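Undergrad: need coordinates for the below:
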Amino acid sequence: MNNRPSWSRVVLAFATALVIGAVLGSVVQTQINLLALRGLGVEIGAGAWLSTTLEDLLKFGPVYLVMFGCGFLVSQLVAMGVTRYLLQAWRQPVCSLAAAVGLWATFRLVDALAPPPTLIAATRDPGGMLAMLVTAAVAGWFFASLAGNRSPQSRSVGGSAVAVMALAALATFPVGEVRAQDSDAYQFQTVVAGLEHPWSLAFLPDRRMLVTERPGRLRIVSQNGDLVPEPVAGVPEVFNHAQAGLFEVLPAPDFVDSQLIYLSYACGTLEANHTCLARGRLEGGALADVEELFRAMPAKAGAAHFGGRMAWLADGTLLLTLGDGFDYREEAQRLSSHIGTIVRLNGDGSVPADNPFVNDPDALPEIYSYGHRNVQGLIHDRENGRVISHEHGPRGGDEINLIEAGNNYGWPVATYGLDYTWARVTPFTGYPGTEQPLLHWTPSIAPSGMTLYDGALFPQWQGSLLVGGLVTGAVHRVEPGADGAVEKERLFTEVEARIRDVRTGPDGAVYLLTDSAEGRLLRVTPR
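TA: Numbering: from 1, shown residues only. Next up, the predicted model:
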């Protein structure tokens, strides 16, 4: 008699095991993420815990099923082929081990191809990775067992699996609204073309402009708009990979006398890097007396989320934003780490005596605010004495925040965004002790540079925040208020490019940097 299972039974067993593995994986990743929040002291009730788990099953589950299914199919074909002629008595452990190896290989491949360093947050540490691999091993064991099981119960299990898959397919995703713009109000002039991923723009008192290029070059644009052919010499060595590189350039408040400029940049290696701050004296086409003033600690691996925006306060102190490194989001809630914070420094890199945590022995004295994900927009509104920032959310949840000393801005305890896999980062959009944003964008616009427009050429924009959008390819005009902010319109979409920086020029024009290997410096004036 032929004891081999029929192909229909093998297919049904595979579908059943696939759903089992996807459900277990989704549930386990949710528990790991929630336990990470609990490790920060966050109180999560049973209702919130359960609803987050169920929501992840509906939204993250289908994504994970596809990801898991690719590795599971290959691994089980190999395992069944091996055990058809060899190790027949060991089919269950062979299929189980193969499933775990297949999932591990899938994770490694996805992380190598996807922009985030680690796509599935639960796999950021060895314990989480092991737990996810165990769910795959369980699925492999079920497949081996069910493929040889001729009992009616297997049909029932298979039918349940089909029902679960159908339920998961009902998950829906948000759709954003696009506002109209009045393109007859302005015109564009290309000042400079051919810039390699320009990141930041600054104006010098003599009307020259400084532009940073992410690979590590500082460029000068003359008063008549010509790009000086040779980059500025003496720029510190930067770590350039993916999002890492040379970030902001900012002249000192007393630049006319000191000729000092400040640079933020990524330094180190892929395995151990930091956001760094240096200053030097601009002498012709070179920097002299360059010195590193600050280095964010601890070191982190990967090449994402460095922050890097700077702003001078009225008292002459400097704010510098620091990202969460993507894989280190819980660090943003720990005052013993610079990761995910905004720091405040004196011009020489020393710590101001009135920083909010300077007398806390368990906190780093440079920290000004914390609970940030990746702040890449920062302005000091001198007229109203406000500091306004924006930061990237994951899949939605980009925020505009009013920054005040010592405040906690929530990440990752509270956010309006989902992870890139549609998994919940947290059950909370707000949490006691954390600040609510003035405005949040869902879906994400990927905010970049930001200016508070105070020029004379566009009186209708006076007092508005102009926020660049990397994803939308637009500048978002936002009116800030004491208790919130409102987006009024989306501008400059005809540029059809990622907007990296937005500045108000001394002439009242709006200046844009576009982010590409052939980036441009654009000047926007009334038509």
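
Undergrad: next helix or strand past the longest helix seen in the chain?
TA: Identified as the longest helix of the chain according to DSSP state H is helix 46-85. With elements assigned by DSSP states H and E, the helix or strand that comes after helix 46-85 is helix 91-113.

Undergrad: hmm, R523 is touching Q189, no?
TA: Yes: under the criterion of C-beta atoms under 8 Å, R523 makes contact with Q189 at 4.5 Å. Quick note: C-beta positions are derived from backbone N, CA and C, even for glycine.

Undergrad: looking at these two now, which is surrounded by more residues?
TA: Taking other C-beta atoms under 10 Å, R523 and Q189 do not tie; R523 has more neighbours (17 against 11).

Undergrad: check the secondary structure at the more buried one for me.
TA: strand (DSSP: H, G, I helix; E, B strand; the rest coil).

Undergrad: that one: what's it in contact with?
TA: Applying C-beta atoms under 8 Å, 6 or more residues apart in numbering to R523 gives the contacts F188, Q189, V191, G505, A509, V510, Y511.

Undergrad: swap in 6 Å and give it another go.
TA: Listed by C-beta atoms under 6 Å, 6 or more residues apart in numbering, the contact set of R523 reads Q189, V191, A509, Y511.

Undergrad: can you check T504 too?
TA: T451, Y453, G455.

Undergrad: which helix or strand contains the residue nearest to it when sequence neighbours are not counted?
TA: Using C-beta to C-beta, 6 or more residues apart in numbering and skipping the chain neighbours, the partner closest in space to T504 is T451 (4.7 Å). Using DSSP H and E, T451 sits in strand 447-452.

Undergrad: so what's the gap between that strand and the chain middle?
TA: 16 Å (C-alpha atoms, centre = their mean, to the nearest Å).

Undergrad: contact partners of that strand?
TA: Taking C-beta under 6 Å, 6+ apart as the rule, strand 447-452 contacts 376-377, 379, 381, 390, 398, 465-468, 470, 499-504.

Undergrad: in strands only, show me those.
TA: 376-377, 379, 381, 390, 398, 465-468, 499-504 (DSSP state E).

Undergrad: out of the residues you listed, grab the one that's most surrounded.
TA: Busiest of these [other C-beta under 10 Å] is H390, holding 32 neighbours.

Undergrad: for it, which residues are in contact?
TA: So H390 contacts G377, I400, P447, M450 (C-beta under 6 Å, 6+ apart).

Undergrad: only whichever of these are buried, select them in PyMOL.
TA: Buried members of these, defined by 16 or more other C-beta atoms under 10 Å, are picked up in PyMOL with:
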select buried, resi 377+400+447+450
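
Undergrad: distance to N359 and pLDDT for the contacts of H390 - can I get that in CSV?
TA: Converted to CSV, those look like this (distance: C-beta to C-beta, whole Å; pLDDT from 0 to 100):
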residue, distance to N359, pLDDT
G377, 30, 98
I400, 30, 98
P447, 34, 98
M450, 32, 98
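
Undergrad: which among the contacts of H390 gets closest to L50?
TA: I400 (32.4 Å; C-beta to C-beta).

Undergrad: gap between the closest one and E435?
TA: 11 Å (C-beta to C-beta, to the nearest Å).

Undergrad: next: G396.
TA: 18 Å.

Undergrad: also G268?
TA: G268 is 31 Å from E435, by C-beta to C-beta.

Undergrad: one step back: who does the longest helix of the chain touch, helix- and strand-wise?
TA: On a contact count with 3 or more C-beta pairs under 6 Å, 6 or more residues apart in numbering; DSSP states H and E, helix 46-85 meets helix 7-38, helix 91-113.
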